[in-house]
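> Here you go, sequence then predicted model.
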Amino acid sequence: MGPGDSLLFKRGGEYNVSMTLSNCSGSEEYPIVISSYGEGDLPVLKTDAHTEVFRLFDCSYITVENLEITAHNGGGIWIDTYNGASEGITLSGLVMHDMQNFTVNDRDNLSAGAAAARACVMVKGIPTHSRYPVNDLTIKDCEMYDTGNGVSVWGSWNEEQTNFEDEEYVDPVYNKGLLIENCCFHDMDAEATVIGMCDGALITHCRMIDCCQGVGTDEKGEIRYFTAAAWFWGSENSTFEYCEIAGQKNYGDGMTVDFDSHTNNCTYQYIYSHDNMRFIVGNAKNDYGQHNNTVRYCLSVNDNKGRNQMASSHGEYNFKFYNNTIVNSRRIDMKYLYDSEIYNNVFILTDGYRINLDGVKKSDNCVIENNCFCGGYIPSKLLRNNFNAVPGFAGEDFASADSFKLASNSPLIGAGRATDDGLAYDFFGNEFVSDNIGCYRAAGENTEAELEKPIERFFRIIFDFFKFLKQEIADFELF
C-alpha cells in the first residue's frame, strides 16, 4: 500500500482481522486510509487470537478511523519502529473494547505489544530495543473501555545503557508531537494513558473514569503493583490539560498527578480530579531529581483514600504548585522540594489529617505563601504567610465542580499572589479578573457564603487539632 490507497470495511459487518502492515507509508498529503464505508453501525474488527488487530511496523502517514475494534484475548493496535522513525499516524473515531479486562496480580508486560499489555494502543514498549521514535502520532475522538489498558506510549534510550537511573548515561530518543484529544477512557483494570519517553506531548479534553480498578494488593493486603490513570514517565515538555480523572482504586497509586522517572518541564493544568485514591505522588527515581514540573488550576475533590506526596526522596526542583483547589484530602507531604513554590492554593483536609513539613529546612529555599488551609492539623510556621479560614465556596454539592467557585464575599478573592504564566483563564473558563486563591479567578459568584466568626474559627482550629491527635493515636495503634 502507498500514498492515497484505502482499505475500507463495510458498515454493519463483522470481520476477523489480524493484520500487519510493515514498511508501508503514505504521504502527509495522501495518507493510507483504513476506514469504513456505507451506512449503519461501525464495522466490527475482531480477533480471537492472542495478537493485535493491527500491527503498524515502520509505517508512516497511515490513518485508521471509524472502526469498532475488539480482541477478547488480544490487543488493539501495536505501533513500533525497527528500521526507522514513524511519522504522522492518526487514529480517529475508533471504539475499542473487550480486551482482557480481568484482574491481574502484577503489572502488565509492556515490552511485547498491545496483546501482551492488554492494551487498546501500544506504542513501542519499555525501552529495550529500537532507537527510532514515533513522531506526530494523533489519537482523537476515540472511546476505549472494558480493557486492561488504554494508550501506553514508550520510547528508547542509549543501547549501551544498563541503568536508566544513572543520569550520566541517559541518552533518550523521544517520541515527539504526540496528541491525544477528546478521548474517553473508562472501566479499565489498569491505566488509561501512560506518556513515556515523549517530548512535546499534549493530552487534552479527555475523560478517564473508573480506570485502575485493580486494587493491586494480595490476600494479606500487601501492595503487589502500582497503577495510575494518567502519568508521565521519562518525558519532557508535555502536558495533561482539561481532563476529568475519577474513580481510581489502585491502593498503592491511584493518583491523578504523577511525574515519574526523569520527567522534567511537564505540566498538569485544568484537571478535574475526584473520588480517586489520592491527588498527587511525585516519583523521581534518580539522584538528580526532577526539574521544572508544574501543577496549576486543578480541582481535586474527595481524593482521600491515601496520602499525597509532592516529591520523592530524590527531590523535585523548581516545582510549582499554584492556584489549585484541594477539597477533602488526606495528609499532604511537602518535603523533598527544593527551590520550589507553593502558593494561591486552597487545602481542605479531611478530619484528623495534616500538612506534613517534617524535614523541611530553610536551606531547601521553598516559598509556601498565600495559601488557604482549613481542617486537619496545620503546622504553625505555615500560618506566617498563609491563613486558616473557611474559603467561602459558592455551593455545597460536592458532586458539582461549580460548587467550588468562590462566593462574592469569599475572603480568598483578591488575596492571592500575582502570576505571570501566559494563561488567561481559570479552571472554570473565566477570564482572569482577580488574583484569587484557588482555581477560580473571577470576581465572585452572585451569592454569599456563610463565613465563620472569629470565635467559631478559634474553636474549629482547636477541634481540628484534637481530631488530628485522635487519628495519630489510631494510626499508631494500628501500626
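Yep, that arrived.
> if I look at the closest residue in space to residue 452 that isn't next to it in sequence, how far off is residue 375?
Nearest non-adjacent residue to residue 452, counting by Cβ to Cβ, 6 or more residues apart in numbering: residue 390, 4.9 Å away. All C-beta atoms are positioned from the backbone trio N, CA, C, and that covers glycine. In this view, residue 390 and residue 375 are 9 Å apart by Cβ to Cβ, to the nearest Å.
> go on, residue 288?
36 Å.
> repeat for residue 397
Counting by Cβ to Cβ, the gap from residue 397 to residue 375 is 18 Å.
> okay, the two: which has more neighbours?
residue 375 (24 against 9; other Cβ atoms under 10 Å).
> for that one, what are its contacts?
348, 349, 350, 351, 353, 464 (Cβ atoms under 8 Å, 6 or more residues apart in numbering).
> Likewise for residue 240?
Contacts of residue 240 by Cβ under 8 Å, 6+ apart are 195, 203, 204, 230, 267, 268, 269, 271.
> quick one: secondary structure of it?
Look at residue 240: counting by DSSP: H, G, I helix; E, B strand; the rest coil, its state is strand.
> And for residue 33?
strand.
> Run a quick neighbour tally on it.
19.
> if I read this right, it contacts residue 65, doesn't it?
Yes: shown here, residue 33 and residue 65 form a contact pair, counting by Cβ atoms under 8 Å, at 7.2 Å.
> What distance do you get for the closest residue in space to residue 406 that isn't next to it in sequence to residue 371?
Nearest residue to residue 406, sequence neighbours excluded (Cβ to Cβ, 6+ apart): residue 440, at 4.9 Å. Look at residue 440 and residue 371: by Cβ to Cβ, they are 15 Å apart.
> Over to residue 96?
Residue 96 is 42 Å from residue 371, by Cβ to Cβ.
> One more: residue 288?
28 Å.
> hang on, the earlier thing: where helices are concerned, which of the contacts of residue 375 count?
Under the assignment DSSP state H, the contacts of residue 375 contribute residue 464 to helices.
> Pull out the buried members of the contacts of residue 375.
Among those, the ones that count as buried by 16 or more other Cβ atoms under 10 Å are 348, 349, 350, 353, 464.
> of these, closest to residue 103?
Of all the buried ones among the contacts of residue 375, residue 103 sits closest to residue 350, with 28.4 Å by Cβ to Cβ.
> Tell me the confidence at the closest one?
On pLDDT, residue 350 comes in at 89.
> How about the contacts made by it?
Remark: with contacts taken as Cβ under 8 Å, 6+ apart, residue 350 is in contact with 304, 328, 329, 330, 375, 376.
> Report the secondary structure element holding the second one.
Take DSSP states H and E as the rule and residue 328 turns out to sit in strand 325-329.
> Export the contacts of residue 240 to JSON lines and append columns for neighbour count and distance to residue 420.
JSON lines is the format used below for these (neighbours: other Cβ atoms under 10 Å; distance: Cβ to Cβ, whole Å):
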{"residue": "195", "neighbour count": "29", "distance to residue 420": "27"}
{"residue": "203", "neighbour count": "27", "distance to residue 420": "25"}
{"residue": "204", "neighbour count": "17", "distance to residue 420": "23"}
{"residue": "230", "neighbour count": "29", "distance to residue 420": "27"}
{"residue": "267", "neighbour count": "21", "distance to residue 420": "16"}
{"residue": "268", "neighbour count": "29", "distance to residue 420": "19"}
{"residue": "269", "neighbour count": "21", "distance to residue 420": "15"}
{"residue": "271", "neighbour count": "24", "distance to residue 420": "21"}
